[in-house]
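>>> Pasted the sequence and its predicted model underneath.
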Amino acid sequence: MALLLVDIGNTRIKWAAFVGGRLGKSRAKAHRGWKAADYRGKLFGARSFTHVWATSVAGARVDRALAQAARRAGAGATFVRVSRRGGGITVGYAEPWRLGVDRFVAMVGAHQLFSRIPVLVVGVGTAMTVDLVAADGRHRGGVIIPGPSLMVATLLRKTHGIRRRAQGGSRAGQALFGRSTKAAIVQGSRYAAAALIDRAAEEASSLVGRAPLVLLTGGDAASVRPLLRSPCVGVPDLVLRGLAVLAQRGPSSRRSLL
């Protein structure tokens, strides 16, 4: 049975085939303006899949377009929803449905990879999310801030002086202190994200009895990783790995669009 696993974020979509219990190579693109035909052509191509398992935070219109593409390709479409327990994770929110589904599925993937140690699951995208998962799979809560790119975009959109002075100038390097306005805001956003992750790891230690392993995923993870002081591992396809776990375990946490 060949499955197509799809992770739709606010800006980018990532997908991979899951065949014979093995996850294929993932691909990613910006999906702004895509219609059903675009999903059909880019995700399916000439391949045949029996079913699509997806996470989506992009809204109902995007979900309908993907479901329509799946139908045209002769496949069903299942969109994961968040439940109190699933995939080895026990959600720590008082109201589980308020937890983003991408965060939930990333935690499933993280716990599958590192089931005997606490992990800090960090998704660095349009928003940056940080979730603590204990060794037993209990979600101990999370943090959400704007991602580095959104921090920069907000400054450029909401301030006149910074926007004007950031036009041109040298690019960001690796040091905190930039030598131009452009470098200053880019590095400031990256260091702010890294500092929060390190602080979260420090706070987590007292909750779970040891320093957690930081797992980084998301489109902007590479810009933050060199700045971290905490032990970390990059897992670009973490959400897809979580989807693979849920797809193998069955229909406990899902909704279908027909």
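Thanks, I have it. Residues are numbered from 1 along each chain as shown.
>>> would His139 count as being in a strand?
Yes. Assessed with DSSP: H, G, I helix; E, B strand; the rest coil, His139 lies in a strand.
>>> do you know how far it is from Met1?
Using Cβ to Cβ, to the nearest Å, we find His139 at a distance of 30 Å from Met1. In short, each C-beta sits where N, CA and C put it, glycine included.
>>> Neighbour count: these two, which is higher?
His139 (21 against 10; other Cβ atoms under 10 Å).
>>> Where does pLDDT dip in the stretch 101-250 of the chain?
170-172, 250 (pLDDT under 70).
>>> For the stretch 51-200 of the chain, which segments count as strands?
With strands called from DSSP state E, counting those that start in this stretch, the stretch 51-200 of the chain shows them at 51-56, 76-79, 85-86, 89-90, 119-124, 127-133, 139-146.
>>> residues in contact with the fourth one?
Contact partners of strand 89-90, identified using Cβ atoms under 8 Å, 6 or more residues apart in numbering, comprise 84, 104, 107-108, 111, 133, 137-139.
>>> now with 10 Å?
82-84, 96, 99, 104-112, 131, 133-134, 136-140, 242, 245, 253 (Cβ atoms under 10 Å, 6 or more residues apart in numbering).
>>> ends of stretch 69-81, how far apart?
Length of stretch 69-81, first residue to last, Cα to Cα, to the nearest Å: 20 Å.
>>> Actually, stretch 119-137.
Start to finish, the residues bounding stretch 119-137 are 9 Å apart (Cα to Cα).
>>> Buried residues, that stretch. List them.
Buried residues in stretch 119-137, counted by 16 or more other Cβ atoms under 10 Å: 119-135, 137.
>>> will you turn the strands of the stretch 51-200 of the chain into TSV that also has distance to Gln187?
TSV is the format used below for the strands of the stretch 51-200 of the chain (distance: least, Cβ to Cβ, whole Å):
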stretch	distance to Gln187
strand 51-56	31
strand 76-79	38
strand 85-86	39
strand 89-90	35
strand 119-124	15
strand 127-133	16
strand 139-146	16
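>>> Let me see the ranges of the helices in the stretch 51-200 of the chain.
60-72, 101-113, 148-158, 160-165, 181-208 (DSSP state H, counting those that start in this stretch).
>>> Drop anything exposed from the contacts of strand 89-90.
By 16+ other Cβ under 10 Å, those give 82-83, 96, 99, 104-112, 131, 133-134, 137, 139-140, 242, 245, 253 as buried.
>>> ok, the closest residue to Ser180 other than its chain neighbours - how many residues close by?
Of all residues not flanking Ser180 in the chain, Gly169 sits nearest, at 3.2 Å (Cβ to Cβ, 6 or more residues apart in numbering). Neighbours of Gly169 under the rule other Cβ under 10 Å: 14.
>>> Report the separation between Gly169 and Ala106.
35 Å.
>>> Tell me what the nearest residue to Val91 once chain neighbours are set aside is bridged to.
Leaving aside its chain neighbours, Val91 sits nearest to His139 (5.1 Å; criterion: Cβ to Cβ, 6+ apart). Listed by DSSP bridges, the beta-bridge partners for His139 are Val133.
>>> so His139 makes contact with Ala106?
No. Counting by Cβ atoms under 10 Å, His139 does not reach Ala106; the two are 11.0 Å apart.
>>> Find the residues that touch each one of the two.
With Cβ under 10 Å, 6+ apart as the test, His139 and Ala106 both reach 89, 121, 131, 133.
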